[in-house]
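K.L.:
I'll drop the sequence and a predicted model, then ask my questions.
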Amino acid sequence: MRTILVPVDGSESSLRAVQAAIKAAQELNGANLHVITVQAPIISGNVTRFFSAEDIQGYYQDEGINAMLPAKTLLDESGLTYQDQVVVGPVAKTIADYAKTNNCDLIIMGTRGLGSVTGLVLGSIATKVLSLTDVPVTLVK
């Protein structure tokens, strides 16, 4: 059975990637779907002075759940089973590491997310994932 990883960030591009992953899983007669959202770590030392580690983890989880909600709605409507997880780390490296650790056969992701730079032909996260993984990557526009 094939395993497909779909990183999402709540953007329209990532939702189109989820739709493509649903279609691929249906064509493969039920591939394992892993849906993750990666929260970039808060680097500022001032944050840790004012908030506990539990509060920061709670923040990551809340933001991740909000980013994943539209994707989960599509997946639930499809009837497919899937695993979802909120992960914290450098986004592109974390996606590549997750794919390797979980023996993913394919990564399906959007070309542009919710980053501050719009209008680029290919997003910086997608570009970095391509360079960091040996797993085939399907980019969805």
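P.N.:
Received the coordinates, thanks. Residues are numbered from 1 along each chain as shown.
K.L.:
got a list of contacts for the lowest-mean-pLDDT helix or strand in the chain?
P.N.:
Scoring the helices and strands of the chain by mean pLDDT, DSSP states H and E places helix 45-50 at the bottom, with a mean of 74. Here helix 45-50 makes contact (Cβ atoms under 8 Å, 6 or more residues apart in numbering) with Ile56. Just so you know, the C-beta spots here come from the backbone N, C-alpha and C atoms, and that holds for glycine as well.
K.L.:
pull that helix out as PDB, backbone CA atoms only.
P.N.:
What follows is helix 45-50, C-alpha atoms only, in PDB (Å, rounded to 0.1, in the frame of the first residue of the first chain):
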ATOM      1  CA  GLY A  45      13.900  34.500  23.500                       C
ATOM      2  CA  ASN A  46      11.500  37.100  24.800                       C
ATOM      3  CA  VAL A  47       8.600  34.800  24.200                       C
ATOM      4  CA  THR A  48      10.000  32.100  26.500                       C
ATOM      5  CA  ARG A  49      10.400  34.700  29.200                       C
ATOM      6  CA  PHE A  50       6.700  35.500  29.300                       C
END
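K.L.:
next structured bit after it?
P.N.:
Downstream of helix 45-50, the next assigned helix or strand under DSSP states H and E is helix 53-78.
K.L.:
buried residues, that next one. List them.
P.N.:
Buried residues in helix 53-78, counted by 16 or more other Cβ atoms under 10 Å: 60, 63-64, 67-68, 70-71, 74-75, 78.
K.L.:
compute the first-to-last residue distance for stretch 44-63.
P.N.:
Terminal residues of stretch 44-63 lie 18 Å apart, using Cα to Cα, to the nearest Å.
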